[in-house]
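Enquirer: pasting a predicted model and its sequence here:
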Amino acid sequence: MDRFAKLILRRNLIENKVRLFVDVVGVIYGRLLGTMMVALLLSASIDSHAQVFDEKLSTAAQMRLAITNLGTFGNAFRGYRDGSGTPSCEYPAGSGIEHLFEAGVWVGAGGNRVSTAALDAPQGYQTGARGFEMTIPPGQVFVESSSLEDSPFFNPNATSHQDFKAVFTDSNILVPGTSTPITGHDFPLNVSVAMETYNWNFPFTDYFVIVNLYVVNENREAYDSVYVGLWANTVVRNINITPAGQGGSTFYSQGGNGYEDTMQLAYAWDIQGDVGFTDSYIGQKFLGAEYKGQFMHPNLEPPFATQNFNVHYNPWFFNDASNQLFAFPSSEQARWQKMTQGINFSPQWESLQDDLATPGNRSDLISAGPFYDFDPGDTINITFAFVAGRKQDDGNPNFENTGAQREIFYRNADWAQTAYYGEDRNRNGILDPGEDLDGDGKITRYILPAPPDIPVTRVEPVGNQIDIYWSDNAEFSIDPISLEKDFEGYRVYVSKPGFDVTGTQTLELNKDLIRAAEYDIPGNNIFNDIGFEPVKLDEPVTFEDDPTIYKYKYSVRNVNQGWQYAVSVTSFDRGEPENNLESLESSVTANITRVFPGTPANDNPDEHKVYAYPNPYYAGAAWEGRSNFQEES
């Protein structure tokens, strides 16, 4: 029985008890008690239908994106104001480089009606505020699941390493469970949206989160055409250099914007905010749509192309309707025009791009459509992605936006597109011969080439040495594309001593880890043919309370005692040159271990006294931070 059904049953039981109680008490107190109980029941009914705002954070990928069950993304940097520290859209994880103030789903229909999950608001999401028009139907919960068998959220039906699923609707004009009206939301479309987000920890998926939407017409009448979009206020700043929001509106007005029409990719970068500390792009990308049995994408060629279907791009200055070129759409009619008339189709598009490449605080919108004849009960399946990527160093200043600087970012965006297409390798929307890898007779999306499994690793510090053990589980991995065992070898990574405190506060482990060793299958002339003998144990070992059988060991010698190190073991495959797919490696950060090598634990403190030298002291070593008080000896 689902939660909503339980609530209804509970309310019915309460009502029955109330009726019985009133009958027993009699006529004298009947009216009074009846009135009181009706009020209590009404209050309980309202509370049971009250929506519960919930926010989750993507943690499988290196993009840390805040996602809510109301179709919004990012948290307006509230995590830095409320003390939780929850990122809004941080990439890479732990870097302090933020990319998004807030974003949300838009749905437009009927020629002049638009419902928005989020809209330009200086404080971000507020219940009942203008532009925040999506609510949660009774009984709906925000669900997390994972395709990883060792995850506490494992579900064999999960799509990615971390799925979030929610359902929201625009059908309410009052915030559920309250008498609070939703400002400006007088004419709902009566659509519901089932949202699924996906992210993986593969090295080639570490920089995007996919947003898959199912938009359902719950209205009694059809809409002749519908558009679905993703609005965003992207802000690229390093909050380790400049705290979030410092300087007020100036903090948000330092970035540039652009749009790549062939990729349906809107993007932003930092021009003059924290230059040199924000070497990355952020973008929102349209991936594709399916409607009434047809795949829809503007890049399709005849006979597969859909008439009039396009992706529209529109930027504007944040909450500012005064600018003639880029004015905030303050009315529903203006928002409809933004959804259906992109400036990327304007004759002045080339010169407009130059204007966008100047500092400013802009929102932007990508929207796809039209979806014709949206009948009651019809569903539009449309998919977007948030994509990040580092700037490629091409010798030009970091604040510029050259094609060479965008190469890595574009490659990341294409991996998001590859993830979406899945079995549809030639991207025509048709299941062609040889593409049906799972034999189910239809295109299965989100089937990705995968590196071998992450080696199960154990790290044991011994004095000035770190012993790294790992199992052979990766050697039995089956690639989901080739359906073959394609394991090739292992790589061992070690950081410099005190990597997290010497010269950087970003903990960008992908950059801090250094490859210390590599071992691969000998004799196949693919890599170095080193073999595994240097690290293979003569006899496998186990540890107390650890069922894993460890078959390999690598020792890092002569390390500095008392300093923090990070170590990791990855596995890699052979690659598929025939499919232009390079060798894939498991995530270097997925099984990372931080360790302090040093003197073993003191098993007899009575005999071996603990002392500090000098005593007292106030300044500590780099690895332990600075002391502001007298240390006890």
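Expert: Perfect, thanks for sending it.

Enquirer: the closest residue to I466 other than its chain neighbours in helix, strand or coil?
Expert: Nearest non-adjacent residue to I466, counting by CB to CB, 6 or more residues apart in numbering: V556, 4.3 Å away. For the C-beta atoms, the positions are set from N, CA and C on the backbone; glycine is no exception. Under DSSP: H, G, I helix; E, B strand; the rest coil, the three-state class of V556 is strand.

Enquirer: number of residues surrounding V556?
Expert: 20 (other CB atoms under 10 Å).

Enquirer: one more: G83?
Expert: 8.

Enquirer: distance of K56 from V209?
Expert: With distances taken as CB to CB, to the nearest Å, K56 is found 11 Å from V209.

Enquirer: the more surrounded of those two?
Expert: V209 (27 against 18).

Enquirer: and the pLDDT for K6?
Expert: Model confidence at K6, given as pLDDT, is 36.

Enquirer: shared neighbours of K56 and V209, which are they?
Expert: I67 (CB atoms under 8 Å, 6 or more residues apart in numbering).

Enquirer: helix, strand, or coil at Q324?
Expert: From three-state DSSP, the assignment for Q324 is coil.

Enquirer: actually H312, sorry about that
Expert: Recorded secondary structure, H312: strand (three-state DSSP).

Enquirer: start the count at 55, not 1, going forward
Expert: Okay, using 55 as the starting number, the last item reads as H366.

Enquirer: was I right about it contacting S400?
Expert: No - in this structure H366 lies outside contact range of S400 using CB atoms under 8 Å: 10.6 Å.

Enquirer: which one's more surrounded, the two?
Expert: Shown here are H366 and S400; by other CB under 10 Å, H366 has more neighbours (23 against 12).

Enquirer: which residues touch that one?
Expert: Residues near H366 by CB under 8 Å, 6+ apart: 281, 283, 392-396, 398-399, 419-422.

Enquirer: pLDDT below threshold where in the stretch 555-687 of the chain?
Expert: Across the stretch 555-687 of the chain, the ranges flagged by pLDDT under 70 are 555-565, 631-634, 665-687.

Enquirer: which residue ranges of the protein form helices?
Expert: In the chain, the helices defined using DSSP state H lie at 57-79, 81-102, 303-306, 386-394, 403-410, 461-475, 563-566.

Enquirer: on that earlier part again, what would the contacts of H366 look like in TSV with distance to D486?
Expert: Shown next, in TSV, are those (distance: CB to CB, whole Å):
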residue	distance to D486
Y281	30
G283	31
K392	37
M393	33
T394	33
Q395	35
G396	31
N398	31
F399	31
L419	34
I420	28
S421	30
A422	24
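
Enquirer: got a winner among those for most neighbours?
Expert: Most crowded among the contacts of H366, counting by other CB under 10 Å, is G283 at 29 neighbours.

Enquirer: partners of the closest residue in space to that one that isn't next to it in sequence in the sheet?
Expert: Ranked by CB to CB, 6+ apart and with sequence neighbours excluded, the top spatial neighbour of G283 is S421, at 3.1 Å. Bridge pairing for S421 (DSSP bridges) gives the partners G283, H366.

Enquirer: what do you get for the one 5 residues further on?
Expert: For Y426, the residues forming beta bridges with it (DSSP bridges) are S279.

Enquirer: that one and A276 touch, don't they?
Expert: No - Y426 is not in contact with A276 according to CB under 8 Å; the separation is 9.8 Å.

Enquirer: OK, contacts around A157?
Expert: A157 touches T126, F127, G128, A172, L284, W285, A286, N287, Q338, F440, counting by CB under 8 Å, 6+ apart.

Enquirer: how close does the residue nearest to W160 when sequence neighbours are not counted sit to G396?
Expert: Leaving aside its chain neighbours, W160 sits nearest to G283 (4.1 Å; criterion: CB to CB, 6+ apart). Counting by CB to CB, the gap from G283 to G396 is 10 Å.

Enquirer: could you do N244 as well?
Expert: Computed as CB to CB, the N244 to G396 distance reads 26 Å.

Enquirer: equivalent analysis for F530, please.
Expert: 49 Å.

Enquirer: ok, now E386?
Expert: 18 Å.

Enquirer: once you drop chain neighbours, what's closest to L502?
Expert: A473 (5.5 Å).

Enquirer: what's the answer for A381, then?
Expert: A381 sits nearest to A375 (CB to CB, 6+ apart), 5.0 Å away.

Enquirer: count the neighbours of the one you found for me.
Expert: By other CB under 10 Å, neighbour count at A375 equals 13.

Enquirer: what sits against it?
Expert: A381, F382, P383, S384.

Enquirer: if you set the cut-off to 6 Å instead, what comes out?
Expert: A381, F382, S384 (CB atoms under 6 Å, 6 or more residues apart in numbering).

Enquirer: what do you get for K607?
Expert: Neighbours of K607 in contact, by CB under 6 Å, 6+ apart: Y523, L591.

Enquirer: again, only this time at 7 Å
Expert: The neighbourhood of K607, defined by CB atoms under 7 Å, 6 or more residues apart in numbering, consists of D521, I522, Y523, V589, L591.

Enquirer: the closest residue in space to G337 that isn't next to it in sequence: how many residues sit nearby?
Expert: Closest residue in space to G337, ignoring its immediate chain neighbours: Y321 at 3.6 Å, by CB to CB, 6+ apart. Close neighbours of Y321, defined as other CB under 10 Å, add up to 26.

Enquirer: just the strands in the stretch 155-304 of the chain please.
Expert: 167-170, 197-199, 216-223, 245-253, 262-271, 277-292 (DSSP state E, counting those that start in this stretch).

Enquirer: would you turn those into JSON lines with distance to L502 and mean pLDDT?
Expert: Shown next, in JSON lines, are the strands of the stretch 155-304 of the chain (distance: least, CB to CB, whole Å; pLDDT from 0 to 100):
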{"stretch": "strand 167-170", "distance to L502": "32", "mean pLDDT": "98"}
{"stretch": "strand 197-199", "distance to L502": "17", "mean pLDDT": "98"}
{"stretch": "strand 216-223", "distance to L502": "14", "mean pLDDT": "98"}
{"stretch": "strand 245-253", "distance to L502": "10", "mean pLDDT": "98"}
{"stretch": "strand 262-271", "distance to L502": "11", "mean pLDDT": "98"}
{"stretch": "strand 277-292", "distance to L502": "22", "mean pLDDT": "98"}
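
Enquirer: for the ones you listed, which one sits closest to I190?
Expert: strand 216-223 (5.7 Å; CB to CB).

Enquirer: what helices or strands is that closest one leaning on?
Expert: strand 197-199, strand 245-253 (3 or more CB pairs under 7 Å, 6 or more residues apart in numbering; DSSP states H and E).

Enquirer: who does the longest one pair up with?
Expert: It refers to strand 245-253. With DSSP bridges as the test, strand 245-253 is paired with strand 216-223 (antiparallel), strand 262-271 (antiparallel).

Enquirer: what's it in contact with?
Expert: The contact list for strand 245-253 (CB under 7 Å, 6+ apart) reads 112, 114-115, 117, 121, 125, 159, 161, 169, 213-224, 263-272, 500.

Enquirer: cool, thanks, talk later.
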